[in-house]
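Engineer: Curious how this folds, go ahead:
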Amino acid sequence: MARESILVVDDQPTSIKLIQSILAGEGYQMLVAANATEALQAIQTSRPDLILMDICLPGLDGLALTKLLKSNLESRHIKIVAISAYASPGDDERITAAGCDGYIPKPINTRTLATSIREYLDK
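Structural biologist: Prediction:
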């Protein structure tokens, strides 16, 4: 079973619960944050292996937070996968430009989420 830690940054409690239930069942250690401030605190104290980053967050959005994390020597190694229900033309380019390692659309496909996360962690 997995031992890596995953930080879910999302302001939607139902999304967090769904992701947590799937990935905790796979053995991942789960951390959660509802905004950028909580995410930064969690990263400082626990150093997750991967972050699932919602693009639309209150305050500092997910792409701006990703840029901040990727510009910092202590956090740039953390894999960040964007998640969003609001995919629009050009989002792939914005997500890549921000430094995300990938993208998972919402609604989350519960059958493939664990496999997708494993693939990102193994890259």
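Engineer: Tell me how far the helix or strand containing residue 103 lies from the chain's centre.
Structural biologist: Using DSSP states H and E, residue 103 sits within strand 102-105. Relative to its parent chain, strand 102-105 has a centroid offset of 9 Å by CA atoms, centre = their mean, to the nearest Å.
Engineer: Ok, stretch 55-73 next?
Structural biologist: 11 Å.
Engineer: Check which residues of it are buried.
Structural biologist: Within stretch 55-73, the residues scored as buried using 16 or more other CB atoms under 10 Å are 55, 57, 61, 62, 63, 65, 66, 68, 69, 70. Yep, even glycine has a C-beta here, placed from its N, CA and C like the rest.
Engineer: With distance to residue 96 and pLDDT as extra columns, can I get the residues you listed in a markdown table?
Structural biologist: A markdown table is the format used below for those (distance: CB to CB, whole Å; pLDDT from 0 to 100):
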| residue | distance to residue 96 | pLDDT |
| --- | --- | --- |
| 55 | 13 | 93 |
| 57 | 19 | 94 |
| 61 | 16 | 95 |
| 62 | 14 | 96 |
| 63 | 10 | 95 |
| 65 | 16 | 98 |
| 66 | 10 | 98 |
| 68 | 16 | 98 |
| 69 | 15 | 98 |
| 70 | 11 | 98 |
